[in-house]
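>>> model this:
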Amino acid sequence: MEEKIIELLKSTNREGIDKLIAFLQKSDFFKAPASTRFHGSFEGGLAEHSMKVYEILKHKVQNSIMPLNISEESIILIALLHDICKVNFYKVDYRNAKNALGVWEKVPYYTVDDTIPYGHGEKSVMMITEYIKLTSEEKYAIRWHMGYTEPKELYGTIGEAYKKYPIALLMHEADLEATYFYNI
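This next block holds a predicted model:
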């Protein structure tokens, strides 16, 4: 998985991509879970989730009933980096739980340790732009990929973003499909 993600990111030829890849390799991106318990809550879940989102988003763009002028480069960056905000975000802790024999034992679980409390989509945009430039479409798609799980006060803004940049809506859908259809 790591090699494929790196190969795709390198194929974008975006200025600064090598530094971004180096950051990902030094971080826990390829070992981190995608969440604590909702989807991809296993070692490597974040990378697996990101790759599945890429596959789904690419298919959605290629088969859209509305003609979209979205480059492969943008699809790669949006999908693979939308959850970069989860890098160095989860930690392993332990709690007591009964095993199959009814005996208490310490078991590992993932917990959140957010050292950069800057939101979700906006944090991903911020982290990416420390290394590479993003187009407006890429920024909007990453920022609003959580869709209507955002606070209801933002629904109007999200709707306007989806009208202006349809790739943002497709990205939200791809993220949901990866999460709920594939549980990663």
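
>>> And residue 90, what's its pLDDT?
pLDDT recorded at residue 90 is 83.

>>> Assign a three-state SS to the residue nearest to it when sequence neighbours are not counted, would you?
Leaving aside its sequence neighbours, residue 90 sits nearest to residue 110 (C-beta to C-beta, 6 or more residues apart in numbering; 4.7 Å). Bear in mind the C-beta positions are built from the backbone N, C-alpha and C, glycine included. Classification of residue 110 using DSSP: H, G, I helix; E, B strand; the rest coil returns strand.

>>> Can you name the residues bridging to residue 110?
Counting by DSSP bridges, residue 110 is bridged to residue 92.

>>> list the contacts for it?
33, 35, 36, 37, 41, 90, 91, 92, 93 (C-beta atoms under 8 Å, 6 or more residues apart in numbering).

>>> Counting neighbours, which of those residues end up buried?
Buried members of these, scored by 16 or more other C-beta atoms under 10 Å, are 33, 35, 41, 90.

>>> Of those residues, just say which sits nearest to residue 173.
residue 35 (18.2 Å; C-beta to C-beta).

>>> Work out for me the element that closest one sits within.
Using DSSP states H and E, residue 35 sits in no helix or strand.

>>> rewinding a little: now the two most distant members of the contacts of residue 110.
Longest span within those, C-beta to C-beta: 35 and 93, 15.0 Å.

>>> Now do the helices in the protein.
2-11, 17-26, 45-62, 72-81, 121-128, 136-143, 155-164, 166-180 (DSSP state H).

>>> Of all those, which one comes closest to residue 99?
helix 45-62 (23.5 Å).

>>> Identify whichever of the helices of the chain lies nearest to residue 149.
Across the helices of the chain, closest to residue 149 is helix 166-180 (C-beta to C-beta), at 9.1 Å.

>>> Identify all contacting residues around that closest one.
34, 38-40, 49, 52-53, 56-57, 60-61, 64, 66, 68, 70, 74, 78-79, 82, 137, 140-147, 161-162, 184.
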